[in-house]
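Participant: Quick one, fold the following:
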Amino acid sequence: MPDITDLPDLAVRWLDALLSSASVDTIGVTNWWPRATAALVTAAATADTYGHAVSVACRKLQIDVLSKESAKTLADLQPSIGTVFTEWRQIAERDAEYLVALTRLHRDARKPSRKTSPVKPVTAEEAMF
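Facilitator: Residues are numbered from 1 along each chain as shown. I've put the predicted structure just below:
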């Protein structure tokens, strides 16, 4: 059974898995994080089971089908979150903005780093050879 201190991490992993199946083309860049927050809050406030929470969040994020990786992560989280579902719901609803911020940091840390060196312009002469 997870400790109460594990709940934020479980919520971040849960939301990250869902967002990995969401489409920025469907949601939009400017709506991405507000929609993530709404999905977390609505799932926490209305769901009575773990599976119901996943379904509610998928509807809010307009996810028709979860990717294989997302589905596996969500299935792996079910035993942990399911045993403390009431407490998880409370923290997810109460601290949604904070949990979304942590999720954002988590996702940003996974992105490949951009090269900081500028691209050297090529002269026409160099391009010919």
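Participant: contacts, neighbours, all on C-alpha from now
Facilitator: OK.
Participant: tell me what the helix or strand where Ser55 lies is packed against?
Facilitator: Ser55 is located in helix 50-60, with elements delineated by DSSP states H and E. Using 3 or more C-alpha pairs under 8 Å, 6 or more residues apart in numbering; DSSP states H and E, the elements in contact with helix 50-60 are helix 32-46, helix 68-83.
Participant: how does it look with 6 Å?
Facilitator: Contacts defined by 3 or more C-alpha pairs under 6 Å, 6 or more residues apart in numbering; DSSP states H and E place helix 50-60 against helix 32-46.
Participant: List of residues touching stretch 88-103?
Facilitator: 7, 12, 41, 44 (C-alpha atoms under 6 Å, 6 or more residues apart in numbering).
Participant: Report the buried residues of it.
Facilitator: Neighbour-count burial for stretch 88-103, counted by 16 or more other C-alpha atoms under 10 Å, picks out 88-89, 91-93, 96-97, 99-100, 102-103.
Participant: any idea of the mean pLDDT in that stretch?
Facilitator: Mean pLDDT, stretch 88-103: 96.
Participant: so how far is it off the chain centroid?
Facilitator: Once both centres are worked out by C-alpha atoms, centre = their mean, to the nearest Å, stretch 88-103 turns out to sit 12 Å from its chain's centre.
Participant: Return it as PDB; C-alpha atoms alone will do.
Facilitator: The C-alpha coordinates for stretch 88-103 follow below in PDB (Å, rounded to 0.1, in the frame of the first residue of the first chain):
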ATOM      1  CA  TRP A  88      -5.600  10.100  -4.300                       C
ATOM      2  CA  ARG A  89      -8.800  11.800  -5.400                       C
ATOM      3  CA  GLN A  90      -8.600  14.300  -2.500                       C
ATOM      4  CA  ILE A  91      -5.000  15.200  -3.200                       C
ATOM      5  CA  ALA A  92      -5.600  15.300  -7.000                       C
ATOM      6  CA  GLU A  93      -8.500  17.700  -6.700                       C
ATOM      7  CA  ARG A  94      -7.000  19.800  -3.900                       C
ATOM      8  CA  ASP A  95      -3.500  20.200  -5.400                       C
ATOM      9  CA  ALA A  96      -4.300  19.900  -9.100                       C
ATOM     10  CA  GLU A  97      -2.400  23.000 -10.200                       C
ATOM     11  CA  TYR A  98       0.700  21.900  -8.300                       C
ATOM     12  CA  LEU A  99       0.500  18.400  -9.700                       C
ATOM     13  CA  VAL A 100       0.100  19.700 -13.200                       C
ATOM     14  CA  ALA A 101       3.100  21.900 -12.700                       C
ATOM     15  CA  LEU A 102       5.100  18.900 -11.600                       C
ATOM     16  CA  THR A 103       3.900  16.900 -14.600                       C
END
